[in-house]
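Enquirer: Pasted the sequence and its predicted model underneath.
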Amino acid sequence: LQNGHLALDFLEELLNSIVETENVHESFRLWMTTEVHDKFPINLLQVSIKYTFAPPQGVKAGIKRTYSTITQEQLDYSNLAQWKPMQYAVAFLHTTVQERRKFGPLGWNIPYEFNQADFNASTQYVQNLLDDMDLKKGLSWGAIRYMLGEIQYGGRVTDDYDKLLLNTYAKVWFGEHMFQASFRFYKGYSIPLFKTIKEYMDFIDKLPLVDTPEIFGMHPNADITYQSNTAKACLDTILEIQPKDSSSGGGETRESIVRRQAGEMLEKLPADYIPHEVRARLSKMGAIAPMNIFLRQEIDRMQRVIGLVRTTLQDLQLAIDGTIIMSENLRNTLDSMYDAKVPSLWRKVSWESATIGFWFTELLERDQQFRSWVFEGRPTSFWMTGFFNPQGFLTAMRQEVARAHKGWALDSVVLHNDVTKLNKEEITSPPAEGVYIFGLFMDGAGWDRRNTKLVEPTPKVLYVPMPVVHVYAINTKGGKDPKLYACPVYKKPRRTDLTFITALYLKTNQHPDHWIMRGVALLCDIK
């Protein structure tokens, strides 16, 4: 029975048939395949023997599995010297794109399901290219890189920065240089030249059992991220399967602990924004100025969050006391607060965070920034993490700069930046143009404050706080300096299109490709 997750109703009938049938043949076995599904009948799962099919772990196991699918006939397909090295290079790329998934957002922004079909299609393309190759002109490396980075593997990729990473691999690994004896993917990982599959298998068996992240162009610190993610996933699963009933033994019950927490949070919760006071302050500051329109929208969203949190906590206290009925939303809030997680009801209208403690602290800090801005005047520097819509903030700044210069069209005004050597405490006045932003963290690299450029990170230091960045707008239609690394900025450690804000341009001694393969990004929040 295949794809059991598509016939969940039938599975209930199936379970009843198996349980109620008295005489079952001794050699009867039912094989089923299914995807993981929340609604899969738990009773059927418990009486089954479960197998899981996982991809091989590590470069050695990955290449070995790929070569176990290659026949001697496929290996001998072409007599051209380029065929076998390119086949091995595609196999190495195939393993690399799968192995990077384990590093989470540092590896791929979105974990893609690359499979054997991608490898087969890529080797078939290489075969066709070699068949039609003009020996005088040689291989068309532009076409090979494009097909691998944009079509064969790139066809699955939906994120722009993931596509850039894939194209970088194709650019760095695929070229005439790959046929030289000195070529290495990384120290100890060369391209072998043999005549039989057995020789290739023997070579693969001698590869190291444990891989360093540097094979994939990443820093050894990435391994700490992988181990942390694995441990966190394990602990989260243990937490989820804990019983949720009230304790009947001694000590405080779940309800009394959560009721006390709710009371403490209500005491600290900021007061509501009074609409006419906010309007009066904004009109005094200039109601139609781009930055003030942005501020009004942010305060409206902040008020929604404060109002919802206050209502939920008050209702939760009443429900625990038995004054009102405990609804499903309140029950979920109670469970989440007990497990120190952010209730889904709040997360929908606010922001993601690792724990409810971090989330509530951020709420107070965001509120503090908005209140001081609207009632005390525009700050000299901005905490960009504290905005619901940081892209809107940068767009408002662009509009502000464009209006200040006669003849500047908003379409041709682009963001640019300089990283200062200052901390936020050292900023005493706003810049003549643009904004100062602080609170960013470097992920995947280090930062040299003295020379304001990217450097390799310190071992075991995963995130580096950045100094204040001056972001401003310039009127140009030209491209950026190719020597600068276009570093993506994300709101949270989970890097997706939804959390992407903009790109900041950073100085570097190495080629920008080095940092692309490292997966270097700036994060507004590391929790």
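Expert: Now that the structure is in, tell me what you want to look at. This structure is a prediction, so every number in the text was calculated from the model and none was measured.

Enquirer: pretty sure Asp211 contacts Gly58?
Expert: Yes. Counting by C-beta atoms under 8 Å, Asp211 does reach Gly58; the two are 5.4 Å apart. C-beta here means a position set from N, CA and C on the backbone, and glycine is covered the same way.

Enquirer: shared neighbours of those two, which are they?
Expert: Taking C-beta atoms under 8 Å, 6 or more residues apart in numbering as the contact rule, Asp211 and Gly58 both touch Glu99.

Enquirer: Those two - which one has more neighbours?
Expert: Asp211 (21 against 17; other C-beta atoms under 10 Å).

Enquirer: which residues in the stretch 301-450 of the chain form helices?
Expert: With helices called from DSSP state H, counting those that start in this stretch, the stretch 301-450 of the chain shows them at 328-338, 344-349, 356-376, 390-404.

Enquirer: Compute the number of surrounding residues for Thr33.
Expert: By other C-beta under 10 Å, the residues close to Thr33 number 11.

Enquirer: Are we agreed that it is in a strand?
Expert: No. Using DSSP: H, G, I helix; E, B strand; the rest coil, the secondary structure at Thr33 is coil, not a strand.

Enquirer: Among the helices of the stretch 301-450 of the chain, which comes closest to Trp173?
Expert: helix 390-404 (34.5 Å; C-beta to C-beta).

Enquirer: So which elements touch that closest one?
Expert: helix 290-321, strand 413-419, strand 469-475, strand 500-506 (3 or more C-beta pairs under 8 Å, 6 or more residues apart in numbering; DSSP states H and E).

Enquirer: Show residues contacting the helix or strand following the last one.
Expert: The one in question is strand 500-506. From strand 500-506 onward toward the C-terminus, using DSSP states H and E, the following helix or strand is helix 512-518. With C-beta under 8 Å, 6+ apart as the test, helix 512-518 has contacts from 164-165, 168-169, 171-172, 216-219, 444-445, 454, 482-487, 508.

Enquirer: May I see the helices of the stretch 301-450 of the chain arranged in a markdown table, with distance to Lys460 as well?
Expert: A markdown table is the format used below for these (distance: least, C-beta to C-beta, whole Å):
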| stretch | distance to Lys460 |
| --- | --- |
| helix 328-338 | 32 |
| helix 344-349 | 31 |
| helix 356-376 | 22 |
| helix 390-404 | 30 |
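
Enquirer: I'd like the ones you listed as a markdown table, with mean pLDDT appended.
Expert: A markdown table is the format used below for these (pLDDT from 0 to 100):
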| stretch | mean pLDDT |
| --- | --- |
| helix 328-338 | 92 |
| helix 344-349 | 93 |
| helix 356-376 | 95 |
| helix 390-404 | 93 |
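
Enquirer: out of those, which comes closest to Leu129?
Expert: Nearest of the helices of the stretch 301-450 of the chain (C-beta to C-beta): helix 390-404, 41.8 Å.

Enquirer: Just the buried positions in that closest one, please.
Expert: Going by neighbour count (16 or more other C-beta atoms under 10 Å), the buried part of helix 390-404 is 390, 393-402.

Enquirer: mind putting those in TSV, distance to Ala432 included?
Expert: Below are the buried residues of helix 390-404 laid out as TSV (distance: C-beta to C-beta, whole Å):
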residue	distance to Ala432
Pro390	22
Phe393	19
Leu394	18
Thr395	20
Ala396	17
Met397	13
Arg398	16
Gln399	17
Glu400	12
Val401	11
Ala402	15
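
Enquirer: Need the max-distance pair from the residues you listed.
Expert: Pro390 and Ala402 (18.8 Å).

Enquirer: about what we covered before: kindly reformat the helices and strands packed on helix 390-404 as JSON lines containing mean pLDDT and distance to Asp76.
Expert: Listed next are those as JSON lines, based on pLDDT from 0 to 100; distance: least, C-beta to C-beta, whole Å:
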{"stretch": "helix 290-321", "mean pLDDT": "95", "distance to Asp76": "65"}
{"stretch": "strand 413-419", "mean pLDDT": "92", "distance to Asp76": "54"}
{"stretch": "strand 469-475", "mean pLDDT": "93", "distance to Asp76": "57"}
{"stretch": "strand 500-506", "mean pLDDT": "94", "distance to Asp76": "47"}
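
Enquirer: Pretty sure Tyr226 sits in a helix.
Expert: Yes. The assignment for Tyr226 by three-state DSSP puts it in a helix.

Enquirer: how deep is it tucked in, by neighbour count?
Expert: By other C-beta under 10 Å, 16 other residues sit near Tyr226.

Enquirer: what do you get for Met178?
Expert: Using other C-beta under 10 Å, Met178 is surrounded by 17 other residues.

Enquirer: can you give me the strands for the stretch 51-200 of the chain?
Expert: Assigned by DSSP state E, counting those that start in this stretch, the strands in the stretch 51-200 of the chain fall at 184-186, 189-190.

Enquirer: Direction included, what does the shortest one pair against?
Expert: Using DSSP bridges, the strands paired with strand 189-190 are strand 184-186 (antiparallel).

Enquirer: Now the strand it pairs with: average pLDDT?
Expert: Taken as a whole, strand 184-186 has a mean pLDDT of 92.

Enquirer: list the buried ones in it?
Expert: For strand 184-186, a neighbour-count test (16+ other C-beta under 10 Å) marks Phe185 as buried.

Enquirer: who's in contact with that strand?
Expert: Here strand 184-186 has contacts from 92, 173, 190-191, 212, 214-215, using C-beta under 8 Å, 6+ apart.

Enquirer: Need the pLDDT of Gly479.
Expert: For Gly479, the pLDDT comes out at 71.
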